[in-house]
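Asker: pasting the sequence and the predicted coordinates here, then a few questions.
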Amino acid sequence: MSAYTRLLLACFGLFSLIGCTEPHQDSNIRSRGFVYCGQDTPTTFNPQLTDGGLTADTLAAQIFDRLLMLDPVSHQPLPSLARSWSVSDDGLEYTFTLRKGIEFQSTDWFKPTRQLNAQDVVFSFKRIIESDHPFHNVSGGRYPWFDSQGFPDLVKDITLIDSHTVKFFLTRPDNAFLSNMATSYTVIHSQEYGQQVLKAGTLNQLDMKPIGTGPFYLAQYIPNDLIRLNRHWGYWQGAAPMEQVVFDISSRGTGTLAKLLSKECDVLSSPVASQLPVISDSEEFELLAQTGMNVAFVAINNTKPALKDIRVRKAINLAINRENLLNSVYYGTGTKAKSILPPMSWAYNHDSKALDYDPAQALKLLKEAGYDKNLTLNMWVSIEPRPYNPSPRKTAELIQADLNAVGIQLAVYNMETFRRLNAVDIAQSDLILTGWIADNGDPDNFLRPLLSCNAQHAGLNVANWCNLSFDNLLELASRTNKLEQRVNYYHLAQDILDNEVPVIPLAHGVHFQVHHQSLGGLQMSPFGTRSFSSVYRSE
């Protein structure tokens with residue numbers, strides 16, 4: 001069933017945020033918008049509460065704006081809601097000057113009476129750093145990305161200087177602060193809307209019926225089916241050419257390709273690598289590719305008795321044939337990973353001594369550790385294709401065969417979406433096949449949220465690994481302004497990962513996106529976020 005058909009069915013009783021328009025009004029959806037396929041179902045529309053997925057990767061860029069944005073080429077921060085900023089000499093104070101004339105979205109559930117000002121910025125971030133903020137514990141009260149970065153400890157206070165100037169006070173210098181302020185998690189909410197839902201006692205509405213300043217607003221949500229965004233006419237950079245965007249969130253696997261070929265979808269995100277020849281052979285579609293700041297990896301649960309032994313962790317690493325993965329899963333489009341950092345990172349250690357494929361050495365280490373063909377492990381796998389891994393199921397099968405070849409019996413548990421923040425999932429797992437898409441170009445954005453002690457407490461460090469020497473190197477790198485010294489600290493941090501093997505880097509993927517040739521203005525980003533504000537249809 002097409003997204004359009006489901007849209008009409010929604011008018012006859014399915015759940016909707018704002019109800020439905022008359023059927024005839026949606027009879028020409030392709031001329032008024034487009035359908036986007038290949039995404040998971042969100043649990044919230046507030047990216048502050050997530051660690052990735054559709055909400056942070058795609059929806060946030062449509063509904064919200066941030067103070068800063070990232071240049072897709074240089075990876076440097078650029079003005080967005082903040083037209084300028086300054087940093088104190090000691091690196092402890094960041095002052096942002098906001099643009100004037102920024103309109104919030106108007107919906108059936110909220111009509112703004114004022115434009116964006118500094119109160120909205122203070123409101124958006126104090127919710128995260130102040131435990132007594134009225135919204136801090138709403139919707140679960142967890143801010144995984146911010147907690148993994150140590151944001152509540154880093155930001156001492158946020159002060160309104162005047163109606164369009166706000167100042168952040170830090171407890172220590174942090175060279176990654178501006179880049180982090182440009183990520184998809186650092187969105188700006190409406191304080192006025194917050195006050196409205198607080199008065200009404202419906203606080204979680206702030207997260208499920210969001211209000212932002214972005215080019216589109218949330219108009220309709222049918223769980224496991226579709227999300228419809230409508231054009232925000234008052235968007236500060238000019239109204240988007242397209243009236244609406246419909247996200248088809250009902251399909252998985254080859255079903256999305258079938259919908260693309262039958263023109264039920266206009267855009268397909270992250271097609272499976274084996275589908276690329278079919279797509280390339282058609283003149284109706286345009287295939288875009290973006291070398292991604294990403295990594296697929298196996299996280300090893302360092303709390304499990306057998307996996308606490310470094311010889312076992314190294315043996316698992318040595319047993320995995322990455323070249324086979326690249327050929328069978330990525331179809332030659334990926335790059336073999338030696339590090340969590342991708343080769344395009346300025347802190348990548350090209351002289352890494354990371355272990356490579358050597359099953360004979362793996363057998364030797366397992367025997368030394370007392371696990372000569374008597375080790376049984378499990379691996380949890382999210383089967384949703386992602387830019388860093390176009391076919392997790394196939395990847396898991398190949399890893400299972402590799403480990404079996406050295407005497408490790410591996411049970412694979414497939415999940416629609418791995419709940420990274422679910423303590424039960426993490427505790428039950430021995431290995432987790434997962435990955436990461438960077439939020440900005442700073443190497444800290446890979447190393448800290450995935451492997452720091454703070455990230456372990458926040459739930460993002462699913463390897464359950466905490467190394468104070470590693471954390472100290474990250475702190476030293478964040479405090480120095482000398483690039484050469486920062487690179488040295490990050491290289492030393494990577495050396496620790498090579499020696500300790502808390503995770504097993506597998507590959508860096510290429511992010512593919514395909515769309516109907518009639519669509520123009522679609523952009524790609526190495527960080528996975530892209531706005532649809534400039535998308536148009538030429539026919």
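Answerer: That came through fine.
Asker: tell me how many other residues surround Glu283.
Answerer: For Glu283, the tally of surrounding residues (other Cβ atoms under 10 Å) stands at 7. All C-beta atoms are positioned from the backbone trio N, CA, C, and that covers glycine.
Asker: dump the residue contacts of it.
Answerer: Gln517 (Cβ atoms under 8 Å, 6 or more residues apart in numbering).
Asker: relative to Ala258, how far out is it?
Answerer: 18 Å (Cβ to Cβ, to the nearest Å).
Asker: also Lys364?
Answerer: With Cβ to Cβ as the criterion, Lys364 and Ala258 are 48 Å apart.
Asker: I figured Lys338 hits Ala354, correct?
Answerer: Yes. Between Lys338 and Ala354 there is a contact under Cβ atoms under 8 Å: 4.3 Å.
Asker: shared neighbours, the two?
Answerer: Residues touching both Lys338 and Ala354 (Cβ under 8 Å, 6+ apart): Pro505.
Asker: neighbour count winner among the two?
Answerer: Lys338 (20 against 17).
Asker: next, find the distance separating the more buried one from His350.
Answerer: From Lys338 to His350 the distance is 9 Å (Cβ to Cβ).
Asker: cool, and Leu260?
Answerer: With Cβ to Cβ as the criterion, Leu260 and His350 are 39 Å apart.
Asker: just want to know which of these two has more residues nearby.
Answerer: With neighbours defined as other Cβ under 10 Å, Leu260 and His350 compare such that Leu260 has more, 27 against 8.
Asker: I figured the more buried one hits Val514, correct?
Answerer: Yes. Here Leu260 reaches Val514: they are 6.7 Å apart, a contact under Cβ under 8 Å.
Asker: any common contacting residues for these two?
Answerer: Leu268, Pro271, Ile279, Phe285.
Asker: what is the nearest of those to Glu368?
Answerer: Pro271 (43.7 Å; Cβ to Cβ).
Asker: that closest one: neighbour count?
Answerer: 23.
Asker: give the buried residues for the longest helix seen in the chain.
Answerer: Longest helix in the chain, counting residues (DSSP state H): helix 483-500. Buried residues in helix 483-500, defined by neighbour count with 16 or more other Cβ atoms under 10 Å: 486-495, 497-498, 500.
Asker: next, give me the two most distant ones among those residues.
Answerer: Farthest-apart pair in the buried residues of helix 483-500 is Arg486 and Glu500; separation 21.4 Å (Cβ to Cβ).
Asker: please, where are all the helices along the stretch 51-200 of the chain?
Answerer: If DSSP state H, counting those that start in this stretch is used as the criterion, the helices of the stretch 51-200 of the chain fall at 53-54, 60-63, 118-129, 144-148, 151-154, 177-180, 191-200.
Asker: out of those, nearest to Val73?
Answerer: Closest among the helices of the stretch 51-200 of the chain, using Cβ to Cβ: helix 177-180, at 14.4 Å.
Asker: can you give me the offset of that closest one from its chain's centre?
Answerer: 16 Å (Cα atoms, centre = their mean, to the nearest Å).
Asker: next one: stretch 150-157
Answerer: Counting by Cα atoms, centre = their mean, stretch 150-157 comes out at 22 Å from the chain centroid.
Asker: average pLDDT for that stretch?
Answerer: Here stretch 150-157 scores 94 as its mean pLDDT.
Asker: that one: end-to-end distance?
Answerer: 14 Å (Cα to Cα, to the nearest Å).
Asker: note down every partner strand of the host helix or strand of Tyr36 and its orientation.
Answerer: Element membership of Tyr36, judged by DSSP states H and E, is strand 33-37. Within its sheet, strand 33-37 is paired with strand 244-248 (parallel), strand 267-269 (parallel), according to DSSP bridges.
Asker: just the C-alphas of that strand, formatted as CSV.
Answerer: In CSV, the C-alpha atoms belonging to strand 33-37 read as follows (Å, rounded to 0.1, in the frame of the first residue of the first chain):
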residue,chain,number,x,y,z
GLY,A,33,5.6,17.3,-2.1
PHE,A,34,7.5,14.1,-2.1
VAL,A,35,7.6,10.7,-0.3
TYR,A,36,10.8,9.7,1.5
CYS,A,37,11.4,6.0,2.2
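Asker: run through the stretch 151-300 of the chain and note the low-pLDDT ranges.
Answerer: 251-254 (pLDDT under 70).
Asker: before we move on, what about the chain?
Answerer: For the chain, the ranges with pLDDT under 70 are 1-30, 38-39, 251-254, 416-426, 458, 528.
Asker: name whatever forms a beta bridge with Ile227.
Answerer: Those that pair with Ile227 in a beta bridge, by DSSP bridges, are Tyr221, Phe247.
Asker: quick one, what contacts it?
Answerer: Applying Cβ under 8 Å, 6+ apart, we find Ile227 in contact with Pro42, Leu59, Leu218, Gln220, Tyr221, Val246, Phe247, Ile249.
Asker: how much space between it and Ser184?
Answerer: Counting by Cβ to Cβ, the gap from Ile227 to Ser184 is 16 Å.
Asker: before we move on, back to that, report the distance from the strand holding Tyr36 to the chain centre.
Answerer: On Cα atoms, centre = their mean, the centre of strand 33-37 falls 20 Å from the chain's centre.
Asker: stretch 353-367 now?
Answerer: That offset, for stretch 353-367, works out to 32 Å (Cα atoms, centre = their mean).
Asker: that stretch: which residues count as buried?
Answerer: Ala354, Leu355, Tyr357, Pro359, Gln361, Ala362, Leu363, Leu365, Leu366.
Asker: quick check: closest non-adjacent residue to the fifth one.
Answerer: Residue nearest to Gln361 in three dimensions, not counting chain neighbours: Leu318, with 5.2 Å by Cβ to Cβ, 6 or more residues apart in numbering.
Asker: tell me how far the one you found lies from Thr41.
Answerer: Separation of Leu318 from Thr41 (Cβ to Cβ): 38 Å.
Asker: between these two, which one's more packed in?
Answerer: Leu318 (24 against 18).
Asker: ok, the more buried one - contacts?
Answerer: Leu355, Asp356, Tyr357, Asp358, Pro359, Gln361, Ala362, Leu365.
Asker: ok now do Ala56, which residues does it touch?
Answerer: So Ala56 contacts Pro47, Thr50, Trp145, Ser184, Tyr185, Thr529 (Cβ under 8 Å, 6+ apart).
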